[in-house]
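S.K.: generate a structure from the sequence data that follows.
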Amino acid sequence: MSTDSTHGRVVVVGSFNVDHVWALAALPRPGETLAGSYHTGPGGKGFNQATAAARAGAATAFVCALGEDAGGQLARALAAGDGIDLRDLRSGAPTGTAGIYVDADGRNTIVIGPGANAELSPAFVGEHATALDAAQVALTQLETPLESAIAAFARARDAGGLTLLNPAPADALASDALWALTDVATPNETEFCAQLQRRGGAALDPDALAGLDDAALHAHCRQLLAHGSVVITLGKSGCFVSHADGALRGDAQACYRVEAAAVKATDTTGAGDAFNGALAAALARDAQAPFAEHVRYAVRFAGLSTERAGAAAAMPRDAQVRARFG
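M.R.: Below you'll find the predicted structure:
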């Protein structure tokens, strides 16, 4: 792992999956059999985000659990290729898998088989506390045990790092303890509505979320994470940013929107992960810059990723993002 502090340090704690992807004209309905083209490759929200952070220029460590199988070998080889400092628990379970359908509009549905990911333990996270101590940003999701995410955030917070929670997938539980340790949360529309309702908020329609006025959306964000910042990724509608009063992270406003990047999307698989990894890298690189600058960079990075097929393999590099968008 690079030791150049000017690039910032990010630690991602999370999942690795081998993705099995079918591209077809329309997403299958119950009882329907369709023909489509197939490919396989690396994925898992944790690994996607670690790859994005590394390619966005951060010195990146990835704490995960892998099987002693072809999927685990693939993860180890790819991490080495991108200069990721891999900290992997060697599991007797198979490496995680995901089945993904992608339609002609780039929309997707995903089914996860956790495998080794379910064995990532707080004790193993604790064995790599020195990596968390050195990180400007710790990033996690909800595809691995909740207790491990809590352990990672607690250690990072103690060392003065910023904690970034991607509360995904939408059906996963995030405890009060994890929310209390979260500085920035980055749900998409579906994840935001699901997590808000679990925390006692209103029942909202994900498809209507982008159409809410800023004041209403800001109020809902404050219910989700009263003390921190919330960034809702809204696909073609860009994203919405909401800060706690008195903690604007260098911004002039407590809430605002950032437009989506001008791209020709062909596959949105992993776009949210691209956003999270790039945001973590940008925050680690220059925490004093206005938060809006980091969000704009992450939006562009994620947008560029949708012009390529796959998840981790689709992540662009910092130089490509800057060449495209300036």
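
S.K.: the helix or strand containing Leu164 pairs with which strands?
M.R.: Using DSSP states H and E, Leu164 maps to strand 162-165. In the sheet, strand 162-165 lines up against strand 137-140 (parallel), strand 184-185 (parallel) (DSSP bridges).

S.K.: out of these, deepest packed?
M.R.: A comparison of those by mean neighbour count, using mean count of other C-beta atoms under 10 Å, puts strand 137-140 on top with a mean of 32. C-beta coordinates here come from the backbone N, C-alpha and C atoms, glycine included.

S.K.: show me what contacts Leu304?
M.R.: Leu304 makes contact with Ala261, Val263, Ala274, Pro316, Gln320, Val321, Arg324 under the criterion C-beta atoms under 8 Å, 6 or more residues apart in numbering.

S.K.: what's the farthest-apart pair in those?
M.R.: Greatest spacing in the contacts of Leu304, by C-beta to C-beta: Ala274 and Arg324 (13.6 Å).

S.K.: the more surrounded of these two?
M.R.: Ranked by neighbour count (other C-beta atoms under 10 Å), Ala274 and Arg324 place Ala274 first, with 33 against 16.

S.K.: may I have the helix or strand of the chain with the lowest mean pLDDT exported as CSV, CA atoms only?
M.R.: The least trusted helix or strand in the chain, going by mean pLDDT, DSSP states H and E, turns out to be strand 108-113, with a mean of 88. In CSV, the C-alpha atoms belonging to strand 108-113 read as follows (Å, rounded to 0.1, in the frame of the first residue of the first chain):
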residue,chain,number,x,y,z
ASN,A,108,-30.4,-4.4,-12.3
THR,A,109,-31.7,-6.9,-9.8
ILE,A,110,-29.2,-8.8,-7.5
VAL,A,111,-29.3,-11.8,-5.3
ILE,A,112,-26.4,-12.4,-2.8
GLY,A,113,-25.0,-15.6,-1.4
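
S.K.: now tell me what touches it from outside.
M.R.: 17, 27, 96-102, 143, 169, 267-269.

S.K.: make it 10 Å
M.R.: 15, 17-23, 27-28, 43-45, 94-103, 143, 169, 267-271, 311 (C-beta atoms under 10 Å, 6 or more residues apart in numbering).

S.K.: re earlier: intersection of neighbour lists for Ala274 and Arg324?
M.R.: Arg300, Phe301, Gly303, Leu304, Pro316.

S.K.: okay if I get the residues you listed as TSV plus secondary structure, pLDDT and distance to His220?
M.R.: Putting those into TSV (DSSP: H, G, I helix; E, B strand; the rest coil; pLDDT from 0 to 100; distance: C-beta to C-beta, whole Å) gives the following:
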residue	secondary structure	pLDDT	distance to His220
Arg300	helix	97	26
Phe301	helix	97	26
Gly303	helix	96	25
Leu304	helix	95	29
Pro316	coil	96	32
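
S.K.: could I have the buried ones of the residues you listed as ChimeraX selection syntax?
M.R.: Of the shared contacts of Ala274 and Arg324, the buried ones go into a single ChimeraX selection, burial set by 16 or more other C-beta atoms under 10 Å:
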select :300,301,303,304,316
